[in-house]
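> below are the sequence and a predicted model; questions follow.
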Amino acid sequence: MSTDLKTKVQELIDTMINPAIANHGGFVELI
């Protein structure tokens, strides 16, 4: 995976996905 794509995906996870999941006490991390 290219660094640029990984950065964009991580940004999406941080801004869109994790806030929603945090309401349930969890989180997602791109490894």
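Arrived safely.
> pLDDT score for the residue nearest to the spatial centre of the chain?
With distances taken as C-alpha atoms, centre = their mean, the residue of the chain nearest its centroid is residue 13 (1.8 Å). Note for residue 13: predicted pLDDT of 84.
> tell me how far it lies from residue 3.
According to C-beta to C-beta, to the nearest Å, residue 13 and residue 3 sit 15 Å apart. C-beta here means a position set from N, CA and C on the backbone, and glycine is covered the same way.
> still on that earlier bit, how about the residue nearest to the centre of the chain, nearest residue that isn't a chain neighbour?
Closest residue to residue 13 apart from its sequence neighbours, by C-beta to C-beta, 6 or more residues apart in numbering: residue 28 at 5.2 Å.
> what's the burial count for that neighbour?
12 (other C-beta atoms under 10 Å).
> how about residue 4?
When neighbours are counted by other C-beta under 10 Å, residue 4 comes out with 8.
> before we move on, what about residue 26?
Residues near residue 26, counting by other C-beta under 10 Å: 9.
> how close does it get to residue 17?
10 Å.
> picking that back up, got a list of what the residue nearest to the centre of the chain touches?
Residue 13 makes contact with 28-30, according to C-beta atoms under 8 Å, 6 or more residues apart in numbering.
> please repeat the previous calculation with a cut-off of 10 Å.
19, 21, 27-30 (C-beta atoms under 10 Å, 6 or more residues apart in numbering).
> please apply the same query to residue 2.
Counting by C-beta under 10 Å, 6+ apart, residue 2 touches residue 8.
> switch to 7 Å and redo it
By C-beta atoms under 7 Å, 6 or more residues apart in numbering, residue 2 lies in contact with nothing.
> now swap in residue 25 and tell me
With C-beta under 7 Å, 6+ apart, residue 25 has no contacts at all.
> ok, back up a step: what are the phi and psi values for the residue nearest to residue 13?
Residue 28 has phi and psi values of phi -120, psi 140 when expressed as degrees, to the nearest 10.
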